[in-house]
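1. Need coordinates for the following:
(chains A, B and C)
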Amino acid sequence: MSDTPALELKQLTKRFGDFIAVNRVDLAVPRNQVVALVGESGSGKTTTGLLALRLLAHDGGQILLDGEDISTLSQKQMKAYRRRLQVVFQDSYSSLDPMMTLGEIVAEPLGIHGVATAAERRDTARGWLEKVGLDGSYANRYPHELSGGQRQRVSVARALILGASVLVADEPTSALDVSVKAQIVNLLQGLQADMGLSMLFISHDLSVVRSLADEVVVMLRGRVVERAPTDRIFSNARHPYTQSLLDAVPVIDPAARRRRTFLSAEEITARTPRITASDLVAEPLLDTADPQLVALAGSHFVEAIVAERATP
Amino acid sequence: MTGFIIRRVISMAVTFIVVSIVIFLMMHSIPGGPFDGYEMPLPDNIKAKLMATLGLDKPLWEQYIRYMWGALHLDFGVPFQSPGDTVIGLVAHAWLPSVTLGGLGILFGAPIGVLLGMAAALRRNSWIDYLASALATLGLTIPVFIISTGLILVFAVWLKWTPASGWGEPKRWILPIMAYGAVPLATYARYARATMLDALNKPFVSVLRAKGLSERRIIFQHVLRNAAIPMVTIFPAMFVGIATGSIFVEAMFRVPGLGAYFVSSIDKRDYPLEMALMLLISALYSISYLLADILYAVLNPRIRIEGRAR
Amino acid sequence: MTELTTGTTASVPLAKPDSVRQRSPLYFAWRRFTANKAAVGAGIILLIIILMAIFAPVITTTGPNDQDFLTNALNFPSGAHWFGVDNLGRDFFTRIVYGARVSLGIGFSAAVFSLLVGLPLGALAGYLGGRFDWVVMRIIELFSVVPPLLAALLLATVTRGGVWAIILIAGIFGWKDVCLLVRAQVKSFREKEFIMAAQALGASPWHIVWRHLIPNSVSPIIVGFVLAIPLAMMLEASLSFLGIGVQPPTPSWGQMINVGMNFMFYYWHMAVFPTAALAVTILAASLLGDGLRDALDPTLKGR
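-> Presented below is the predicted three-dimensional model:
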């Protein structure tokens, strides 16, 4: 057991015609940690998630699961890996087959991978329903009989029943009420601790991210513009886009409220931080004056323009 | 927009060619040639000679090419059953009764259907609504030859109001026109009702009422225009129904039209006539669908303004 | 910044379902269907006709081809012969009832055939998209351009009629409706997250089509099947009417109408009964199909 990240994306790219949705994204989810991928709608974060799950074909880069490159495997070959890499989606209603009972839905992964007998599968599914907080007798119910929060619990059970080690959660709480959000976040935290899960948590909701994530990756129009441990992001964000995201989070204490900054794309580009090379922890990767991801102290990466080169 | 039209035309043309090949092959696979049905079997050498003059001894693909080439010039050869005429001549003759009766059927049936449908939409759940819905369902589900039988039974046999068959004088046309008109009436009644209801429920109608426009103005100047578009686009499809209906209507009412010729040509294994009729009717189908697609694209303001379709 | 309260999962009590019976989506569809009186009525009538066809030997006294009543040929309906006697001395009621067997049998078989061809093609075309879909749509276009009745006439002549040929022909012209319905449904479901979830689980396309897409396509399957029956019956009746369908002496309503036309000016029963039988059956089947469609569609899609 080393420092190999549970999930790693290297220079991952996806193009739709001329439009680059995901632009050379680098990110790593260390074992047993939660990395949040944040950004507004259209930033490419959901696409990144789908690429990582191999549900969408990528145009460049690599996807590593526990150090193994799964980016070029066929779907048939992927099947074995899918036991370890699972997903929970945002829309709890269309995530569940309306014609299947909850018991069948949760047991389906076991069936697909040929695990255990039918009776055992049923029992295991029931057990998992209880594990996510739903009484076992729900197994005979249908998705439309549940609330949104309850359906998400079912999705979580389905995702984890095979003993996954990496979970990609694509905005699992975005469609839920605030109180229910908390329940689902609690659930995920609890399961993560129990099972040693590593999570890629995609969200646009920074308040949820704060309580759950160890590291935050900020995406803007397909590029990673900032990446740092959670408390550094919230206390010391360097990129103007990150700051505008933080400003947008509603605050209860009037005294603590910041003024909201609305930035257009040009303004963001204009305010790209300029950093002198001497502040950098490592050499910038590219020798260019264009914005690139540079390393600052404390595992903090920011897309910035290198103002002066360090003298060789 | 033009790109869309060109693509559809090409697509239809290709489909049509494939269809013509299939028809051609099917035709030639019917066992028995045109000369096998005679009471006195012809001696083989004479049969061979006759086949040669008609070009039936050449390889199939060659026959096909020659035929299609001629078809482009509207030369469909000579019918076996009456070598004195040309196929196209026969078709020109037969075409008239079919088109007259069918056309009149559409001409009477469609407007009546539209009016019924509109009335039904405007007076929901009244007797008009039930009548229109009932007629629409009946007209669309009951096959045309049953309708014809029914018409003959009721009007010719029991009520004795009209003659039952024949083609000569206009009063003989009444029943066939009614038979042809049933489907357009039913189709348009259903469509008109649906599109009217759709349009009447749109928010803009409430706005117009709030503005104080009279109901009559609302209906005739605004709602109708919205409802009309889908109705225009299905118009070409009516001709398709006439084509197939003609087989029965003409048999039942003894009208010497295209349908009647088609049936007899199959009976007599008259390849040229059969082939020509199938091709012409398939062409009619293709053109009707194409027209409907184009009309829809042209009239639908969303597509027209955006400049391209789908 | 608003903080989310955190706690352990254990402190939240297990949610218990209320003690209400399980309600599958089909249950709601059934409720809608039974509210539609016309459709239910049509269904009952169709059921009666089907039962009569199945139990034909039980409800009739003679066979359909027994010319027992030659001396009474062309008799009008009476107590002894409910539908009268036909021109060859056969009890007409018997012939009509046995005709139901033929017409309904052909209708059902052709509908099954249409389903067997249209369902898998539609499901795969909807799910796979791309080239497969394109090919299937081209084929459907081919079938749309050919006037079905004319082509059916041709085919029937080639095969010289007969029951199996008619079933095949009706099936050939019926499958495209089923295919289009299924394809549309599958396409609308393909982008739903539960399909993506199944893919993420490693399910094969076959598993997804079989376990997810087809069960969710119950609506178009049922509707397509039920509506294919009257279409097939119409085709068979048309062909039999023209003489190249079901051959005498096997009774078929279309064939009987043809014969009846020759007598109808006086012996009206020869034309009225087969016409009415065919009309009622087709109408009932169509209304039933329409009612099923109204009942199934909004429920499965709307919720």
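2. Quick check: residues of the stretch 1-150 of chain A near chain C?
-> By C-beta under 8 Å from any C-beta of the partner chain, the residues of the stretch 1-150 of chain A that approach chain C are A:50, A:53, A:55, A:78-80, A:82-83, A:85-87, A:89-91, A:94-101, A:108-109, A:112-113, A:130, A:133-135, A:137-138, A:140-142, A:144-145, A:150. Where you see a C-beta, it was placed from the backbone N, CA and C, and this is true even at glycine.
3. Provide the secondary structure category for whichever residue of the stretch 101-250 of chain A sits closest to chain C.
-> Nearest to chain C in the stretch 101-250 of chain A, going by C-beta to the nearest C-beta, is residue A:190, at a distance of 3.9 Å. Under DSSP: H, G, I helix; E, B strand; the rest coil, residue A:190 falls in the helix class.
4. need the strands for chain A, in chain order.
-> A:7-16, A:19-29, A:34-38, A:60-65, A:68-69, A:85-88, A:166-170, A:198-203, A:215-220, A:223-229, A:274-275, A:292-296, A:300-306 (DSSP state E).
5. Show me what counts as buried in the least confident helix or strand in chain C by mean pLDDT.
-> Ranking every helix and strand in chain C by mean pLDDT, DSSP states H and E puts helix C:148-159 at the bottom, with a mean of 75. Within helix C:148-159, the residues that qualify as buried are C:148, C:149, C:150, C:151, C:152, C:153, C:154, C:155, C:156, C:157, C:158, counting by 16 or more other C-beta atoms under 10 Å in any protein chain shown.
6. Could you give me the buried positions within stretch C:74-88?
-> C:74, C:75, C:77, C:81, C:83, C:84, C:85, C:86, C:88.
7. Run through the residues that contact the closest residue to chain A within the stretch 101-250 of chain C.
-> Ranking the residues of the stretch 101-250 of chain C by distance to chain A (C-beta to the nearest C-beta) places residue C:202 first, at 3.8 Å. Residue C:202 makes contact with A:78, A:79, A:80, A:82, A:83, A:112, A:113, according to C-beta atoms under 8 Å, 6 or more residues apart in numbering or on different chains.
8. rerun that using 6 Å as the cut-off
-> A:79, A:82, A:112 (C-beta atoms under 6 Å, 6 or more residues apart in numbering or on different chains).
9. export those residues to JSON lines and tack on neighbour count and pLDDT?
-> Shown next, in JSON lines, are those (neighbours: other C-beta atoms under 10 Å in any protein chain shown; pLDDT from 0 to 100):
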{"residue": "A:79", "neighbour count": "16", "pLDDT": "90"}
{"residue": "A:82", "neighbour count": "24", "pLDDT": "92"}
{"residue": "A:112", "neighbour count": "20", "pLDDT": "90"}
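10. looking at this, the residue of the stretch 101-250 of chain C closest to chain A is in a helix?
-> No. Read with three-state DSSP, residue C:202 is coil and lies in no helix.
11. Could you check which residue of the stretch 201-310 of chain B lies nearest chain C?
-> Across the stretch 201-310 of chain B, the shortest distance to chain C (C-beta to the nearest C-beta) belongs to residue B:244, at 4.4 Å.
12. Excluding chain neighbours, what is closest to that residue?
-> Spatial nearest neighbour of residue B:244, excluding adjacent residues (C-beta to C-beta, 6 or more residues apart in numbering or on different chains): residue C:149 at 4.4 Å.
13. how close does the one you found get to residue B:183?
-> With the distance defined as C-beta to C-beta, to the nearest Å, residue C:149 ends up 13 Å from residue B:183.
14. thinking again about what came up before, need the buried ones from the residues of the stretch 1-150 of chain A next to chain C selected in PyMOL.
-> Of the residues of the stretch 1-150 of chain A next to chain C, the buried ones can be selected in PyMOL as follows, counting by 16+ other C-beta under 10 Å:
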select buried, chain A and resi 50+53+55+78+79+82+83+85+86+87+89+90+91+94+95+96+97+98+99+100+101+108+109+112+113+133+134+138+141+142+145+150
